Structure formats: C-alpha cells, structure tokens
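Peer 1: What follows is a predicted structure for the sequence shown.
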Amino acid sequence: QQQVVESGGGLVQPGGSLRLSCGFSGLAFRIDDMAWYRQAPGKQRELVASVTRGGTENYADSVKGRFSISRDTAKNMVYLQMNSLKPEDTAVYYCNIVLKRTVVSDPVERWGQGTQVTVSS
C-alpha cells in the first residue's frame with residue numbers, strides 16, 4: 001500500500017513562517033520528482049515548487065525568494081519551508097510524488113490528502 005502523508009499546516013500571521021513535511025511509504029522502485037501544489041477556494045490547483053531526483057528546483061513566480069523546497073531521498077521525504085507568508089498563500093497544500101513501481105513500469109503520481117495553510121491576522 002503506497003501512501004503520501006503531509007503535515008505542518010496551520011494558522012499563521014502575515015510575515016510568519018511554516019514548514020510543511022511530506023513522507024512516502026510503501027513499495028517503489030524509485031521516487032523521481034517531488035512537488036508541492038496548492039489550491040485556494042474557487043481556484044485551480046497550482047504548482048508551488050518541485051524538486052527532481054537530481055536536486056533541480058523549480059518555483060512558482062509568486063513564491064520565489066520566500067519558499068524553499070528540499071528533499072531527503074533516503075527517507076522518502078520532501079519539505080516546504082515557507083517564509084514571509086502572505087494572506088494570498090492561504091490554500092490547501094498537496095504533496096505530489098512521481099515514482100516508478102518497477103524498473104520497467106511507467107512513472108505514476110501519488111497525492112497526499114492535503115494540509116490547510118491559513119495566513120491571517
């Protein structure tokens with residue numbers, strides 16, 4: 001049974017910081033890309049940040065310079081450090097993992113259940 005579980009969301013004041021964590025458990029040949037998405041009420045889900053297995057990072061323009069993604073490949077973990085948070089960062093944040101189940105299988109995606117981040121005074 002493959003499972004993706006996020007943690008670390010909550011309520012924070014504008015200008016504050018939060019750190020999200022995401023862990024993968026289960027059988028997989030290899031985990032490739034790991035990413036964080038978010039979805040605000042009434043809006044489409046959007047990519048926030050991603051990191052490849054090789055360590056290449058990519059960020060949405062709206063979070064560049066404020067958010068930082070990192071991964072611990074040995075532990076199947078990915079993190080999102082969020083600084084200088086703004087009310088517009090309020091959303092449900094989802095962890096996304098791309099993995100290969102076997103050496104010959106096509107990559108598949110696994111999603112977490114989401115964690116709420118609310119930025120408000």
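Peer 2: Arrived safely. Numbers count the residues shown, from 1 in each chain.

Peer 1: Name all residues that make contact with the residue most central in space within the chain.
Peer 2: Residue closest to the average C-alpha location in the chain (CA atoms, centre = their mean): residue 36, at 2.4 Å. Taking CB atoms under 8 Å, 6 or more residues apart in numbering, we find residue 36 in contact with 20, 22, 47-50, 69, 78, 80, 93-96. All C-beta spots, glycine's among them, are computed from the backbone N, C-alpha and C.

Peer 1: Okay, now the unreliable bits of the protein?
Peer 2: Of all residues in the chain, none has pLDDT under 70.

Peer 1: Do you have the strands of it handy? List them.
Peer 2: 3-7, 10-12, 18-25, 30-39, 46-51, 57-59, 67-72, 77-82, 91-100, 107-111, 115-119 (DSSP state E).

Peer 1: what's next to the second one, contact-wise?
Peer 2: Looking back up the chat, that one is strand 10-12. 18, 85, 116-120.

Peer 1: Check which residues of it are buried.
Peer 2: residue 12 (16 or more other CB atoms under 10 Å).
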